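Asker: Predicted model follows, preceded by the sequence.
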Amino acid sequence: MADHDFEPEIIVFACHYCAYAAADLAGSMRLQYPTNIRMIKLPCTGKLEIIHLLKALEAGADGVYAAGCMEGECHYLKGNLWARKRVEYAKTLLVELGIEPERVEMYNMSSAMGARFAEVANEFTERIRQLGPSPLRGDGAALDVVPATVAATAEEGQPT
Amino acid sequence: MITAERKPLDELLAMLEGKDKVLVAGCDTCVAVCLTGGEKEAEILASELRIKAKADGRSVQIEHTSAIRQCEWEYLDMIAGKVAEFPVVLSMACGIGIQSMAEKFADTYVLPAVNTNMLGMPQEHAVWLERCGACGDCVLADTGGICPVVRCSKSLMNGPCGGSHAGLCEVTGPNKEEIPCAWALIYDKLMAQGRQEKLMEITPPKDWSKSSSGGPRKMVREEAKPV
């Protein structure tokens, strides 16, 4: 049963060229968005692998989403389209596992869309709040360790 | 190359019932190229199995590893240490790799995570088509380079049959996809090459003893054996 009072822990994989800059803009605009989200910057959402989504959930995140450039405007041409396909595939794996596929999602935004960034953060947080805590959360332990472990996986093999 | 598809999760879970220490072993050759059982897919499957166990409140140890090729003893030596830590190995290799694992690690319970399905050609990215049946007696010289053994639904040696219509076979694939009639393709190809007289030749019954009908096959190259 959904626990409407709980505070979801949400991992966001954000593209350096759009969503990450949009988050920055949201901050500069003094827009309020939930503190539930933990951002991991990627050079492009095309870097996002299915295992990154699964590891975030495995570590106890209640929801995970990727935020990439508007379709047709990827800095690397098609990275955001690949990310969308991977998110869709991850949803099928969750269905297979008996977990709500709505816990993962793909969003698109440009670096100028600070307000949209805040809106998406609100929208997704509310969605996860409605779904309730992840069945993988166990004892509901704090999730502070997650961004580091997931980020380490995401950054493996990246040029420094 | 050899292609395979991962078994449904329910089937894997039924195989693994009661087993709480499992190593998912990928193979980085054929099944990695067909995006089914390489290291990346082994890591995903291991994560899925851990997620399932956690959601069910079960405590398990599920890890993953990968061999460059599970079908060669030398590469299995490289993962032997890891395999020794686990009583159960879920292999994502083709049937050859799974059997090599089972033979090499006799005390380990080796289970298949995939169904090996064909010798396929990647026609485009992420699409594979069956192209060889390993029949042991290749006929491609007479058929314009188009294999009737696997591309004709009946494996006819003298086609087409009455089920060929407008270049398509009367049989459809598992997802109702249309299958080109192999003999229509052969006819068109030989006509285009001016070799249509080949079509008038009657091919005698094929010697299937050279295929798997003759029992398990064995190949030995004496000149290449170590001295």
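Answerer: In hand now; what should we look at? Residues are numbered from 1 along each chain as shown, chains lettered A, B, ... in the order given.

Asker: Tell me the residues of chain A that contact chain B?
Answerer: Residues of chain A lying close to chain B (CB under 8 Å from any CB of the partner chain) are A:49-51, A:54-55, A:57-58, A:93, A:96-99, A:135-136, A:138. (C-beta placed from N, C-alpha, C; glycine too.)

Asker: what about stretch A:26-35, how long is it end to end?
Answerer: 13 Å (CA to CA, to the nearest Å).

Asker: low pLDDT regions in chain A?
Answerer: Along chain A, segments meeting pLDDT under 70 span A:1-4, A:138-160.

Asker: go with 50
Answerer: Chain A contains residues with pLDDT under 50 at A:142, A:144-145, A:159-160.

Asker: ok, back up a step: got a winner among the residues of chain A next to chain B for most neighbours?
Answerer: Counting neighbours by other CB atoms under 10 Å in any protein chain shown, A:Leu57 leads the residues of chain A next to chain B with 30 neighbours.

Asker: which ones are touching B:Leu190?
Answerer: B:143-144, B:196, B:198-199 (CB atoms under 8 Å, 6 or more residues apart in numbering or on different chains).

Asker: what number of residues lie near B:Cys138?
Answerer: 14.

Asker: Strands of chain B, residue ranges please.
Answerer: Per DSSP state E, chain B carries strands over the ranges B:2-6, B:21-27, B:61-67, B:88-91, B:109-112, B:114-124, B:127-132, B:164-165, B:168-172, B:178-180.

Asker: right, so these: which one is the most enclosed?
Answerer: strand B:21-27 (a mean of 26; mean count of other CB atoms under 10 Å in any protein chain shown).

Asker: what angle sits between that one and strand B:61-67?
Answerer: Between strand B:21-27 and strand B:61-67, the angle comes out at 20 degrees (axes from the mean of the first three to the mean of the last three CA atoms, to 10 degrees).

Asker: what mean pLDDT does strand B:21-27 have?
Answerer: For strand B:21-27, the per-residue pLDDT values average out at 98.

Asker: Direction included, what does it pair against?
Answerer: Its sheet considered, strand B:21-27 pairs with strand B:61-67 (parallel), strand B:88-91 (parallel) by DSSP bridges.

Asker: Residue 89: what's it in contact with?
Answerer: Chain wasn't specified; assuming chain A. Counted by CB under 8 Å, 6+ apart, A:Tyr89 has contacts A:Ile50.

Asker: that's the wrong chain, I meant chain B
Answerer: B:22-25, B:83, B:101, B:105, B:108-111.

Asker: Give me the contacts around stretch A:16-24.
Answerer: In contact with stretch A:16-24 (CB under 8 Å, 6+ apart) are residues A:12, A:14, A:39, A:41-44, A:67-70, A:73, A:75, A:107-114, A:116-117.
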